[in-house]
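how does the following fold in three dimensions:
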Amino acid sequence: MIEGKEVASAGQLRYGMVGGGEGSFIGDVHRKAIAIDGLAKLVAGCFSIYYDDTVRTAKKLGVSDDRVYKDYKEMARKESEREDGIDFVSICTPNATHFPIAKEFLEANINVVCEKPLTVNESEAQELADLAKKRNLLFAVAYA
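Next comes the predicted model:
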């Protein structure tokens, strides 16, 4: 059990991804790294700022239509409301967008794995660290 939610069947964690759509190098790296041990399954995403690209990526990755989102804010809100919502989000977007996306998911009580750099300045990084600590959430930076 994670934060009052049941973990997916067979002990798999459910994760979502923001970014990592068509043409993304780092999104594919994150998906491959997460898949190595079979402990997590991609179930939700907002893979691009262009919804058509997000839909195409989701279909290729086997994400069901009801877990494909137009933007990260919708994704954080809806996934936090689901009984089977994601256990963590993997953020694979351009550097300058990491802070607002990570903050949105932390505020929705969702654990975060973020591509480096975490933020573009120290004060934003400290704000995210404090928020994660306050909410007792895991917050990690990937070094893929």
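
need the longest helix for this protein.
In the chain, taking DSSP state H as the definition, the longest helix is helix 122-134.

secondary structure element holding the residue nearest in space to the middle of the chain?
With distances taken as Cα atoms, centre = their mean, Val89 lies nearest the centre of the chain, 1.9 Å away. Per DSSP states H and E, Val89 falls inside strand 88-92.

for the next helix or strand after that strand, what is the distance to the chain centroid?
Next helix or strand after strand 88-92 toward the C-terminus (DSSP H and E): helix 98-107. Centroid displacement of helix 98-107 relative to its chain, using Cα atoms, centre = their mean, to the nearest Å, is 10 Å.

what's the nearest residue to Gln12 once chain neighbours are set aside sitting at in phi/psi?
In this structure, Gln12 finds its nearest non-sequential neighbour in Lys41, 5.0 Å apart by Cβ to Cβ, 6 or more residues apart in numbering. (Each C-beta comes from the backbone N, C-alpha and C, glycine too.) The phi/psi pair for Lys41 (degrees, to the nearest 10) reads phi -130, psi 130.

list the contacts of Lys41.
Each residue near Lys41 by Cβ atoms under 8 Å, 6 or more residues apart in numbering is listed here: Ala8, Gln12, Leu13, Arg14, Tyr15.

nearest to Ser48, of those residues?
The closest of the contacts of Lys41 to Ser48 turns out to be Tyr15 (Cβ to Cβ; 17.4 Å).

can you give me the mean pLDDT across the longest helix of the chain?
Across helix 122-134, pLDDT averages out at 96.
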